[in-house]
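Visitor: could you work out the structure for the sequence below:
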Amino acid sequence: MNILYIDPIFGISGDMMISAFLDAGMPFDELDKFLKALPVNLPSIEAVRKQHGIIEGTHLDIAHSDVHLSVTEMERLIGDLSIEPTIKTDAMAMLRILVEAEAKVHGVPRNQVHFHELSHVDTLIDLLSVARGMHYFGIEKVYCGPIPMGRGTIRTSHGVLPNPPPATVEILSGYKLLFFNEPVELTTPTGATIIRHYVKDKAPAPAFTIQGIGYGVGSYESDKPDILRIFVGHSDDPSHEEEVWLVEVDLDDMQMEYVGAVADRIRQAGALDVLYFPVYMKKGRIGTRISVTAPIATLQQLIDTVFAETTTFGVRLRREQRRVLRREEKNIQTSWGPVRLKNGYDRKGNLIKTHIEFDDVKNIADREQIPYYKVLEALKTAVKNEE
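Guide: Presented below is the predicted three-dimensional model:
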């Protein structure tokens with residue numbers, strides 16, 4: 001399993017992440033050619049060597065530009081590119097994180113978000129270039145150290161804001177933060193977004209063999225090194241182990257017809273899994289236990305949802321570890337259109353199982369008025385032919 005460990009010594013931003021990828025070995029010429037496929041007037045970009053103290057690394061020098069883009073324009077530009085699907089998917093997902101955070105902290109609907117600084121073409125460059133770097137190194141899992149934050153206030157186009165800005169804090173809710181007494185924006189919203197999208201769990205990095213090290217140099221002058229360090233490596237254990245929380249409640253005063261709908265709402269709030277089953281409670285009463293598997297990033301939101309949607313006055317919490325197969329999602333083309341697959345790989349990297357997305361089976365069967373099992377059997381045949 002190819003892994004990336006992000007060591008944000010003095011913060012993280014989009015351009016520092018790109019710089020670190022370049023320093024670790026991603027060819028600048030390939031990145032430059034990749035970006036020039038965008039049908040927009042890009043500023044000149046240059047990778048230069050820069051030194052902070054005794055540390056030398058790469059600094060991405062992006063020239064000034066007056067090009068600003070709306071969210072819709074960015075989505076269209078990313079969507080129209082003829083690039084690897086994973087790069088496009090990752091860039092779109094990161095843009096979505098930025099938009100949703102801005103919408104929440106400013107209290108406006110998503111379609112009314114105005115990015116101000118983030119509307120600059122640099123944001124589009126950052127998102128696409130980072131996604132390209134992840135793809136170039138074949139990264140399958142990303143880990144990150146504590147994330148540095150400054151203090152005080154900073155001046156933006158929104159006016160004077162507390163440091164770190166509200167959008168950055170919103171994006172990094174649930175992650176470990178480390179505060180420095182520095183009146184500078186150490187971690188930007190784009191840097192926070194990179195972590196939010198790629199660092200799926202907070203478990204420590206497994207033992208790995210280092211295959212590359214990159215130093216991305218920022219532009220702040222300080223007695224501390226304005227450096228983002230990354231480690232590109234390989235772990236012999238391709239299985240994914242992550243920390244999760246189990247949230248449980250026992251109910252004996254809730255109408256059963258609501259339990260299924262409540263479980264759906266809990267899933268929508270970010271649960272990894274929701275189970276409910278009968279249990280015997282005090283005085284022989286039959287009740288229902290709801291068991292929620294929660295990632296740390298959405299734990300509090302899920303607890304709030306359980307309190308809001310059920311009759312319970314308390315929940316039980318238990319921290320656990322789960323191990324899952326390395327997964328890969330892909331689409332195959334069928335006579336009914338694209339269908340999503342999920343592949344699972346064992347410790348040696350062998351494909352051992354394939355799951356066909358049920359919603360796609362159901363949509364096809366309902367649309368064509370065909371029994372579900374016939375659609376499933378036909379898709380299984382299509383999968384075998386695809387292999």
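
Visitor: so how far is Val121 from Asp66?
Guide: The gap separating Asp66 from Val121 is 9 Å, by C-beta to C-beta, to the nearest Å. Glycine gets a C-beta too; all of them are placed from N, C-alpha and C.

Visitor: looking at those two, which is more packed in?
Guide: Neighbours around Asp66 and Val121, counted as other C-beta atoms under 10 Å, are more numerous at Val121. The numbers are 21 against 8.

Visitor: so for that one, what's the nearest residue that isn't a sequence neighbour?
Guide: The shortest distance from Val121 to any residue that is not its chain neighbour, by C-beta to C-beta, 6 or more residues apart in numbering, is 4.2 Å, and that residue is Val67.

Visitor: give the contact list for that neighbour.
Guide: When contacts are counted by C-beta atoms under 8 Å, 6 or more residues apart in numbering, Val67 is found next to 40-43, 120-121.

Visitor: of those residues, which is the most crowded?
Guide: Ranked by neighbours (other C-beta under 10 Å), the contacts of Val67 are led by Val121, which has 21 neighbours.

Visitor: report pLDDT for that residue.
Guide: According to the prediction, Val121 has pLDDT 86.

Visitor: that one contacts Leu35, correct?
Guide: No: Val121 is beyond contact range of Leu35, at 10.2 Å (criterion: C-beta atoms under 8 Å).

Visitor: list the residues that are in contact with both of the two.
Guide: With C-beta under 8 Å, 6+ apart applied, the overlap between the contact sets of Val121 and Leu35 consists of Leu42.

Visitor: ok so, going back, next up, phi/psi of the residue nearest to Val121, please.
Guide: Here is the backbone geometry of Val67 (degrees, to the nearest 10): phi -80, psi 120.

Visitor: following the helix or strand bottoming out on mean pLDDT in the chain in sequence, what is the next regular element?
Guide: Across the helices and strands of the chain, mean pLDDT, DSSP states H and E gives its lowest value to strand 153-156, namely a mean of 71. Following strand 153-156 in sequence order, the next helix or strand is strand 159-162 (DSSP states H and E).

Visitor: now do the helices in this structure.
Guide: In the chain, the segments counted as helices under DSSP state H are 14-24, 28-35, 71-80, 85-106, 121-136, 166-171, 189-198, 256-268, 299-309, 358-368, 372-386.

Visitor: so which of those gets nearest Ile210?
Guide: helix 14-24 (10.3 Å; C-beta to C-beta).

Visitor: so His59 touches Gln51, yeah?
Guide: No: using C-beta under 8 Å, His59 is not in contact with Gln51, being 9.5 Å away.

Visitor: mind listing the shared neighbours of the two?
Guide: Common neighbours of His59 and Gln51, using C-beta under 8 Å, 6+ apart, are Val217.

Visitor: out of these two, which sits in the busier spot?
Guide: Legend: neighbour count by other C-beta under 10 Å for His59 and Gln51, higher for His59 (22 against 12).

Visitor: distance of the more buried one from Glu368?
Guide: When distance is defined by C-beta to C-beta, His59 is 56 Å away from Glu368.

Visitor: now do Val199
Guide: As judged by C-beta to C-beta, Val199 and Glu368 stand 41 Å apart.

Visitor: ok, these two, which is more surrounded?
Guide: Ranked by neighbour count (other C-beta under 10 Å), Val199 and Glu368 place Val199 first, with 19 against 11.

Visitor: pLDDT score assigned to the more buried one?
Guide: In this model, Val199 is scored at 92, pLDDT.

Visitor: do His106 as well
Guide: You'll see His106 listed with a pLDDT of 66.

Visitor: same check on Val113?
Guide: Confidence at Val113, expressed as pLDDT, is 59.

Visitor: try Tyr276
Guide: In this prediction, Tyr276 has a pLDDT value of 95.

Visitor: doesn't Gly212 make contact with Ile3?
Guide: No: in this structure, Ile3 sits apart from Gly212 without contact. The criterion is C-beta under 8 Å, and the distance is 11.4 Å.

Visitor: anything in contact with each of these two?
Guide: Common contact partners of Ile3 and Gly212 (C-beta under 8 Å, 6+ apart): 232-233.

Visitor: quickly list what Thr153 is bridged to.
Guide: For Thr153, the beta-bridge partners are Pro162 (DSSP bridges).

Visitor: and it, how many neighbours?
Guide: Applying other C-beta under 10 Å, we find 13 residues neighbouring Thr153.

Visitor: and for Met256?
Guide: Applying other C-beta under 10 Å, we find 10 residues neighbouring Met256.

Visitor: and the pLDDT at it?
Guide: Predicted confidence (pLDDT) for Met256: 85.

Visitor: give me every residue that touches it.
Guide: Counting by C-beta under 8 Å, 6+ apart, Met256 makes contact with Thr288.

Visitor: and the gap between it and Ile83?
Guide: Relative to Ile83, and taking C-beta to C-beta, Met256 is found at 49 Å.

Visitor: ok, back up a step: can you put the helices of the chain in TSV and add distance to Val217?
Guide: As requested, those are arranged in TSV below (distance: least, C-beta to C-beta, whole Å):
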stretch	distance to Val217
helix 14-24	6
helix 28-35	15
helix 71-80	27
helix 85-106	22
helix 121-136	16
helix 166-171	21
helix 189-198	14
helix 256-268	42
helix 299-309	36
helix 358-368	46
helix 372-386	45
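
Visitor: how's the protein carved up into domains?
Guide: 2-234, 242-324, 326-386 (automatic domain parsing).
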